[in-house]
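Enquirer: Here you go, sequence then predicted model.
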Amino acid sequence: MSLNLFIIGPSGCGKTTQAKLIAEKYNLTHISMGQLLRDEMAAKSGYGLEAKGYIDNGKLVPDDLAFDVLINKLKTINFANFIIDGFPRVLNQGRIIEFYLRKNNSPITAVIHLTLSFEQISARRAKAGTEFQDKDRTDNNPQEIANRQAFYDDNIDSVREYFESKGKFIDIDGNRPIEPIFEDIVKEIEKIK
């Protein structure tokens, strides 16, 4: 059985850090939706130019475009043994990727969700803003960060309910240091793999 994981949570919750650790432990391909899109933009591909138009205007990349970029990447690894961070952000994305993976005989193993208090989000963003601002991002200003948080708040419940109903949703407390979060994620993966 392949291990097909997704990790989601509010912007700044540490999902990329955890995804890298999980990928290393289980020998998975780590796919960051944000990085995939930034790579396409850097390569000035058709997808990248289209995505850039949305991102530079503070808009979310449409589902169909994000999906096309993701499927192209998944094809290169035969749709198996991966962890994708930052996807699905909305229920429709979750349903489509679930259908597509099932069609390729490689179903979703689990969606890991890192919960984070508003205080932690604010503190981490303030720290990130002064210390290690992601230079590749054109959308790391206070307004865009607030927009991403509002979008997350509006959509997480439907994603949670859908995958909980299928027994594939794992909630992890993200208000802690990296190591205990990772240990808890590993415990949950070991129960289902």
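Expert: Sure thing, it's come through.

Enquirer: residue boundaries of the helices in the chain?
Expert: With DSSP state H, the ranges of helices along the chain come out as 15-26, 33-42, 46-56, 63-75, 91-103, 118-130, 142-165, 178-192.

Enquirer: out of these, which comes closest to residue 85?
Expert: Using Cβ to Cβ as the criterion, the shortest distance between residue 85 and those is 4.0 Å, found for helix 15-26. (Glycine included, C-beta is placed from N, CA and C.)

Enquirer: for the residue nearest to residue 26 when sequence neighbours are not counted, what are its contacts?
Expert: Nearest residue to residue 26, sequence neighbours excluded (Cβ to Cβ, 6 or more residues apart in numbering): residue 3, at 5.6 Å. Listed by Cβ atoms under 8 Å, 6 or more residues apart in numbering, the contact partners of residue 3 are 26, 28, 81, 109, 189, 193.

Enquirer: Dump those residues to a markdown table, plus pLDDT, distance to residue 40 and neighbour count.
Expert: Listed next are the contacts of residue 3 as a markdown table, based on pLDDT from 0 to 100; distance: Cβ to Cβ, whole Å; neighbours: other Cβ atoms under 10 Å:
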| residue | pLDDT | distance to residue 40 | neighbour count |
| --- | --- | --- | --- |
| 26 | 97 | 26 | 15 |
| 28 | 98 | 21 | 20 |
| 81 | 97 | 23 | 18 |
| 109 | 97 | 26 | 21 |
| 189 | 96 | 29 | 19 |
| 193 | 78 | 31 | 12 |
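
Enquirer: tell me the two of those residues that are most distant?
Expert: 81 and 189 (12.6 Å).

Enquirer: Give the residues shared as contacts by these two.
Expert: Common contacts of residue 81 and residue 189 (Cβ under 8 Å, 6+ apart): 3, 26.

Enquirer: any weak-confidence spans in the chain?
Expert: Filtered on pLDDT under 70, the chain yields the residue ranges 125-126, 128-141.

Enquirer: residue nearest the centroid of this structure?
Expert: Note on the chain: the residue nearest the mean C-alpha position is residue 86, at 1.4 Å, using Cα atoms, centre = their mean.

Enquirer: Now that one. Nearest residue, chain neighbours left out?
Expert: On the basis of Cβ to Cβ, 6+ apart, the spatially nearest residue to residue 86 that is not a chain neighbour turns out to be residue 33, at 4.1 Å.

Enquirer: Am I right that the one you found is in contact with residue 84?
Expert: Yes - because the distance of 6.6 Å satisfies Cβ atoms under 8 Å, residue 33 is recorded as touching residue 84.

Enquirer: any chance of the contacts of residue 3 in JSON lines, with distance to residue 120 too?
Expert: As requested, the contacts of residue 3 are arranged in JSON lines below (distance: Cβ to Cβ, whole Å):
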{"residue": "26", "distance to residue 120": "27"}
{"residue": "28", "distance to residue 120": "26"}
{"residue": "81", "distance to residue 120": "31"}
{"residue": "109", "distance to residue 120": "27"}
{"residue": "189", "distance to residue 120": "23"}
{"residue": "193", "distance to residue 120": "29"}
